[in-house]
Every structure is written in structure tokens, then in C-alpha cells.
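**Student:** Can you look at this prediction? I've put the sequence above it.
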Amino acid sequence: MAYQHIRVPESGDKVTVDAQGKLQVPEHPILLFIEGDGIGADIMRASLRIWDAAVEKAYGGQRKVAWMEVYAGEKAASIYNGDYMPEETFDALREFLIGIKGPLTTPVGGGFRSLNVTLRKVLDLYACIRPVRWYEGVPSPLRHPEEVDVVIFRENTEDVYAGIEFEAGTPENQKIARFLREEMGAEFFEDAGLGVKPVSEFGSKRLIRKAIHYAIERGRKSVTLVHKGNIMKFTEGAFRKWGYELAAEEFPEQTISWDEVAEKHGGKVPEGKLLIQDTIADIMFQKMLLRPSEHDVIATMNLNGDYLSDALAAEVGGVGIAPGANIGDAVALFEATHGTAPKYTNLDRVNPGSLLFSGVMMFEHLGWWEVAQIITRAYEKTIDDKVVTYDFARQMEGAREVKTSEFATAVIENMTV
Ligand code: NAP
């Protein structure tokens, strides 16, 4: 495909998906990056240096990433005559499949939807994946942060986030209210704003299927379905039901439900089986504070997943280092989970950890495990040396505060094979 402002590197090849849906990764894959607004330039520059250094360290030049810049946000607007989300960015992601992005400003006013939401919607990136684990030395409010090691799969397209809302007092609201009262026998206050919470079998199952696949591939122990099915029976309760149904129908050999473990195996999960369990959302927050080691992969709906992701990130270092990805059937977009932190723009001050570890997720997704390990070890050594950016420095005693770029240099110097 011909692009207007995007330059396709000549030295690289496309990542593709085969007939079985398996990713085929060449030695010189073309990977996309969106720099992002605000602190995006600082953290992307630092992370690119670290990713390239780790790939070089791991494969001595045999493998190399051919980076391709694509545009969104303010940088896009300056290149594409005010267009914050150029069509060719979507085309490039559809063609090259794998990308990583810095944070994007949501322009205020003018009827803009969040650019992040737009990207997810247009590319149908239905699974938001957030691994939450502790890295040695990172400040944490928990006594045993090392027990936190979960991966949250949050459904990205449905639930109360679907945007089906009717403002109180509007004719649309009155129409829906009349229908609900007169034809469905619903009762609610006169001046209620109304929203719809769609949760479908299709949407739930494709998310839970991804979570189970991931858990099996990575040798994880359990998948927990997190829901409020005790209250919202036909949405959240149905999500739970569909989850167990899917596991039994599509993964009968690999998975076992909690009921079956209790009834047939005396409460002990048989060796080699992936446990499918469920828990009510509110109690999940308590469990993740008091007994985090009981959970592993988590699959949940949009709103629960939103709250849970940030709450759990706070247990192990906060949004400054929490990585994430939004993934569809083929396209995968890895991203820093924090915003653009505009007051720090171009100060070379902030923590590149969130974007850096989103990159680590990306290399794991590609099967370049050595790169992921080299970066993780070097990062831990750097934190252990108490060489940190301002956000960690203010929580650690005896730390040496460094700039974003200096932190990147320290991580690169600490790399070992
Ligand atoms: P924010 O940009 O995440 O920043 C909030 C605070 O979090 C910062 O002031 C800073 O705390 C801390 N922080 C964020 N990133 C950090 C990093 N890399 N290292 C260290 N500390 C970091 O949230 P916001 O101020 O609410 O949002 C600003 C803009 O970002 C908005 O336009 C919003 O729409 C956008 N946004 C984009 C995304 C995305 O692209 N995925 C996500 C969220 C928000 P201290 O002040 O304590 O130092």
C-alpha cells in the first residue's frame, strides 16, 4: 500500500498471521510506533534505545527491528493539516499488525472522542491486557509485593462503556424511559439519566478465549472470571456462565472448573490443568490486597477491568510503570497506560517504565523472549542500584534521581546476556 507521510523501511519485512492464526515473525520485522503527545517523545526516545540495545545484545545483529513511525495526536495534526487520527495510521496498523504507542492527548471540545478509544474501536482491539507484577526494588505499599503477579484481560468494546447513554431531560431519554416504564414495568426516579450495558456472548467469549489461550501458552495456573453476577444477572452473571461454558466446550482437556476440583479432586487442582474459577468483583479488590498469590490470569468486563487495572498497578509501583496492550484477532497495539503528563513535556524527567515494559510485552508477543528477559534483568539491576527517575526517587531512601535519558543509559549498561 502507498502511504502519504509514512515511510516504510526498506530493510524490514512484514509480520503476518498464518491460516491457523499464528504469528509469523521475520528476522527483521517492521514494527510501528506512535510517539505520543506530552512526555511521549521523551519516553519513546529512551525506550527505543533500550529495545534496540536489548535486541542487539540478544541476537548479535541476526535479528533487528525495522521501526516505522506512524502518526496520531498532535504530531499527526501538525503533519496532516489538523487531522489527529489520519486514516493511513489505521491502514498501516492493519497492514503491519504490530505497533506500540505513547500516550495521546484527548483534545478538549470540538466533539472529539478519545483517540485511544477510537483506535480500539476502529481496529476492534477487543482485549485490553495489563500484566501486573512487581519488579525487585520498586517501591510498593504492600508488605509482600512479590506475591502480585497477575495478567488482567479486560473486555474493551462492551459494557457501560459502549456509549449508549441518554441524558436526563432530553426527548431521547423520555422516549426510553416511557418504554421501560410502560412496556417493561421498570421503576426509577423521574429525572434519571439512562445508560445501556450490553454484554454479549460473542464479546465475552472471544475475550475469555484469549485469556485462556494466554494462560495455557504461558503455563499459568488459573483464569479467574471477575464479575458482579450476583446483582447484574443477565450481563455480568451471563459473562461468568459463558466463561465456564467456553472452557468446557473449547478447552475440555486443558481446563478444570472450581466445582469439578471440589467435587472430584478433593479441592486440589490436578497436575497440568488450568483452573477456571470466578469471584465477585468487590471481593476481588480485597483478595488482591490480602492474598494476591491466589490469582493469576483475570478475565473481566470493561468497567471492572478499568478499576482493577489501576488499583492493582498501584500495588506494585503505579501507572508510571504499568504496561498494557490492546489486542484484536490479528492487530496488537502495545501502549503506555498513563497519560501525557503535560507539565513534564520535554523535561526529560519522567519514568519510561510503562512504555518500556509495554515493549517487553510486545517482544514476548513476538516470541523474542530473550529480549524481554534482558530488559527485565537490566531494569531490576538499575532499580536495585537505586538509579531512578523522580517518581521513584521520592518514594525511596538513598536513591539517585536521574533523567529519563540517563535512566535509559543505565539500563543499557546493566544489560547482560
Ligand atoms: P497523566 O498524564 O497520566 O498524569 C497524571 C500524573 O501521573 C502525572 O502528573 C504524574 O504524577 C504521573 N505520571 C504519569 N506518567 C508518568 C510517568 N511516565 N512517570 C512518572 N509519573 C507519571 O494523567 P492526566 O494528567 O489525567 O492526563 C493528561 C492527558 O493524558 C489528558 O489529555 C488525557 O486525556 C491523556 N491520557 C491519555 C492516556 C493514553 O493515551 N493512554 C491515558 C490517560 C490520559 P505527578 O504529578 O505526581 O508527578
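**Tutor:** All right, it came through fine.
**Student:** ok, the residue nearest in space to the middle of the chain - contacts?
**Tutor:** For the chain, the residue sitting closest to the mean C-alpha position, by Cα atoms, centre = their mean, is Gly324 at 2.8 Å. Applying Cβ atoms under 8 Å, 6 or more residues apart in numbering to Gly324 gives the contacts 128-130, 309, 334-337, 354, 358, 361. Bear in mind the C-beta positions are built from the backbone N, C-alpha and C, glycine included.
**Student:** repeat for Tyr379
**Tutor:** Applying Cβ under 8 Å, 6+ apart, the residues near Tyr379 are 135, 353, 356-357, 411, 414.
**Student:** now do Ile176
**Tutor:** 166, 194.
**Student:** Could you report the pLDDT at it?
**Tutor:** pLDDT for Ile176: 97.
**Student:** In three-state terms, label it for me.
**Tutor:** Secondary structure, DSSP: H, G, I helix; E, B strand; the rest coil: Ile176 is helix.
**Student:** residue ranges with poor pLDDT in the stretch 251-400 of the chain?
**Tutor:** By pLDDT under 70, the stretch 251-400 of the chain has no low-scoring segment.
**Student:** For it, give the residue positioned nearest to the ligand.
**Tutor:** Gly339 (2.4 Å; Cβ to the nearest ligand atom).
**Student:** Need the nearest residue in space to that residue, chain neighbours excluded.
**Tutor:** Pro103 (5.0 Å; Cβ to Cβ, 6 or more residues apart in numbering).
**Student:** Distance check, the one you found against Ala41.
**Tutor:** 11 Å (Cβ to Cβ, to the nearest Å).
**Student:** Just want to know which of the two has more residues nearby.
**Tutor:** Pro103 (26 against 17; other Cβ atoms under 10 Å).
**Student:** So what does the most far-flung residue of the chain relative to its centre look like in phi/psi?
**Tutor:** In the chain, counting by Cα atoms, centre = their mean, Glu182 sits farthest out from the average C-alpha position, at 42.2 Å. Here is the backbone geometry of Glu182 (degrees, to the nearest 10): phi -80, psi -40.
**Student:** overlap between the contacts of Gly324 and the residues near the ligand?
**Tutor:** Contacts with the ligand are made by 335, 354 out of the contacts of Gly324, judged by Cβ under 6 Å from any ligand atom.
**Student:** Which one (most neighbours) among the contacts of Gly324?
**Tutor:** Ranking those using other Cβ under 10 Å puts Ala336 first, with 33 neighbours.
**Student:** how about that one, what does it touch?
**Tutor:** Contacts of Ala336 (Cβ under 8 Å, 6+ apart): 36, 40, 43, 101-103, 323-324, 354-355, 358.
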